[in-house]
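Q: pasting the sequence and the predicted coordinates here, then a few questions.
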Amino acid sequence: MPKRQRVIRMSVEQPMWRALAGYRVLTMLYAVGLFATGYDRFPRPEVAIGYYCVLSVWTVATLPRVANAASCTRRFLAADLTLALAGILLTPVADAQARIADGGPTLPSIWTAGSVLAFALKGGWRWAAVASTAVAAANLVERGAPTRDTVHNVILVWVASIAIGYVVEVARASERTLARALEIEAATRERERLARDIHDSVLQVLAMVQRRGAVIGGEAAELGRLAGEQEVALRTLVSGGLVLPVSRAAGDTDWGTSGGAVVRTVDEEDGDGEGTDGEHDGPVDLRALLVPYAGARVSLAEPGAPVLLRPAAAREVAAAVGAALDNVRRHAGEGARAWILVEDEPESVIVTVRDDGPGIPQGRLAQAEGEGRLGVALSIRGRLRDLGGTAELISVPGQGTEVELNVPKDAGAVDTTGTANDTGHTRGAKGVPRTRGKAENR
């Protein structure tokens, strides 16, 4: 299985908090600079100076408070808004009434908007509406009467803060949906891996006990019946909405060494490229994993040179070949023959498994999937899909079945989510008639 990816969540609202911190500092400097340029027009500048000292210290000291939603507490928001409202209400005390009537700025000026935006980022549009309404009321008290400029500024702050609060709520909902989707995907992949292991071991043993018990008879038949019931129950449990891959069960030596290519895959590797079982991440020869499948009824045709793949990819391809041969043995009959053809292309490796059995009856695979028997569909296609490759199955009743596995040579390096290719294209193997038509997986 490909190397497990680490998922790093980054909050979509975090850049907004950073922008708010910068906005508060810049608008504080702007308010102080605006006062400095009109200092001689203030009848009581000492009031303004005292307020700006408090505002500057507060802005700098509370920068960590606006770093994220967790640190921006309700108590801080209340104190921050109180400071902004106090500055608005102190404006008539520090400034001349004529300047106020002419539309002069309040002491905190546009710094007040930063306090309202903090409410929007923390609590959404409802909190923003409450904060902007308080600011609007303070501005009306400071002006004494509503003017066009005052109403314009109030509406601008009100609309902007509510809009930003709504965007934040939508972003948080989308983030929760994405996080849930990632959790479901991770759980699905882990369950798929466990399902493969269960099907490669427990289910195959139960099926074998059921078959052998029926042949032996007597008490063994009863044991076989119980094993069959447990197989159905376990298969239903494992295949509940998830994949259920297959590998080869124990068979006779005519079909090769049953356990030769069924290798457990390493699903997670450490940072230095060494798997959990201590093997290195260097390429391996796929031929070495396929040779154990050769037997009296299975012919293997392979290139003279090594066919190199990454270890995880080679193991998954070999397991898929084992699943295909297992299906031949179980469904085509003990007398059927199979051929394995390995082709080393420049960009990919193609492995074809063909048999001379009776083929797959129309609709048999859909019936098998309905019964929870998803072996070929997901033990073969599922494995190749995880590697970024494709698996094609061609079958015509009476003309045998052909399975073509196509895996990229760089497979096993990254996790992929590609799906199987159902184009119906296939390659022929020497000495074996090519089948025609397409069927689904068994």
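A: Alright, I've got the coordinates. Numbering: from 1, shown residues only.
Q: the helices in the protein, which residues?
A: Under the criterion DSSP state H, helices of the chain are mapped to 14-37, 45-61, 74-94, 97-101, 111-123, 125-143, 148-198, 204-216, 219-238, 286-290, 311-327, 364-370, 381-386.
Q: so which of these gets nearest residue 298?
A: Residue 298 lies closest to helix 311-327 among the helices of the chain, at 6.5 Å (C-beta to C-beta). (Glycine included, C-beta is placed from N, CA and C.)
Q: on that earlier part again, could you look over the helices of the chain and pick the most buried one?
A: The densest packing among the helices of the chain, expressed as mean neighbour count by mean count of other C-beta atoms under 10 Å, is seen in helix 311-327 with a mean of 27.
Q: relative to residue 317, how far out is the nearest residue to residue 324 once chain neighbours are set aside?
A: Spatial nearest neighbour of residue 324, excluding adjacent residues (C-beta to C-beta, 6 or more residues apart in numbering): residue 353 at 4.2 Å. Using C-beta to C-beta, to the nearest Å, residue 353 is found at 11 Å from residue 317.
Q: so which of the helices of the chain comes closest to residue 343?
A: Taking C-beta to C-beta as the criterion, helix 286-290 is the member of the helices of the chain that comes nearest to residue 343, at 10.9 Å.
Q: pLDDT below threshold where in the stretch 301-442 of the chain?
A: Flagging of the stretch 301-442 of the chain using pLDDT under 70 yields the residue ranges 362-378, 412-442.
Q: before we move on, the earlier item: any chance of the helices of the chain in a markdown table, plus distance to residue 404?
A: Rendered in a markdown table, the data for the helices of the chain read as follows (distance: least, C-beta to C-beta, whole Å):
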| stretch | distance to residue 404 |
| --- | --- |
| helix 14-37 | 48 |
| helix 45-61 | 67 |
| helix 74-94 | 63 |
| helix 97-101 | 83 |
| helix 111-123 | 55 |
| helix 125-143 | 56 |
| helix 148-198 | 21 |
| helix 204-216 | 24 |
| helix 219-238 | 27 |
| helix 286-290 | 15 |
| helix 311-327 | 10 |
| helix 364-370 | 17 |
| helix 381-386 | 10 |
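Q: can you pull the pLDDT of residue 272?
A: Listed pLDDT for residue 272 reads 40.
Q: ok so, going back, contacting residues for the residue nearest to residue 324?
A: If a contact means C-beta atoms under 8 Å, 6 or more residues apart in numbering, then residue 353 has 321, 324, 325, 328, 338, 339, 340, 402, 403, 405 as its contacts.
Q: among the residues you listed, which one has the most neighbours?
A: Counting neighbours by other C-beta atoms under 10 Å, residue 324 leads these with 33 neighbours.
Q: how much space between the closest residue to residue 306 other than its chain neighbours and residue 303?
A: Excluding the flanking residues, the one nearest residue 306 by C-beta to C-beta, 6+ apart is residue 285, at 4.3 Å. Going from residue 285 to residue 303 by C-beta to C-beta gives 10 Å.
Q: so which of the two has more stuff around it?
A: It is residue 285, of residue 285 and residue 303, that has more neighbours when counted by other C-beta under 10 Å, with 15 against 12.
Q: could you give the bridge partners of that one?
A: residue 308 (DSSP bridges).
Q: hmm, it is touching residue 308, no?
A: Yes - taking C-beta atoms under 8 Å as the definition, residue 285 is a contact partner of residue 308 at 6.3 Å.
Q: between those two, which contacts overlap?
A: Listed contacts common to residue 285 and residue 308 are nil; contacts here mean C-beta under 8 Å, 6+ apart.
Q: what is the neighbour count of the residue nearest to residue 397 when sequence neighbours are not counted?
A: Closest residue to residue 397 in three dimensions, ignoring its sequence neighbours and counting by C-beta to C-beta, 6+ apart: residue 359, at 4.3 Å. Around residue 359 there are 22 other residues, counting by other C-beta under 10 Å.
Q: which residues touch residue 69?
A: Remark: with contacts taken as C-beta under 8 Å, 6+ apart, residue 69 is in contact with 13, 17, 121, 122.
Q: looking at the residues you listed, which is nearest residue 158?
A: Proximity of these to residue 158 was ranked by C-beta to C-beta; the top entry is residue 121 with 16.0 Å.
Q: quick check, central residue of the protein?
A: Central residue check for the chain by C-alpha atoms, centre = their mean: the C-alpha nearest the mean position is that of residue 182, 4.0 Å away.
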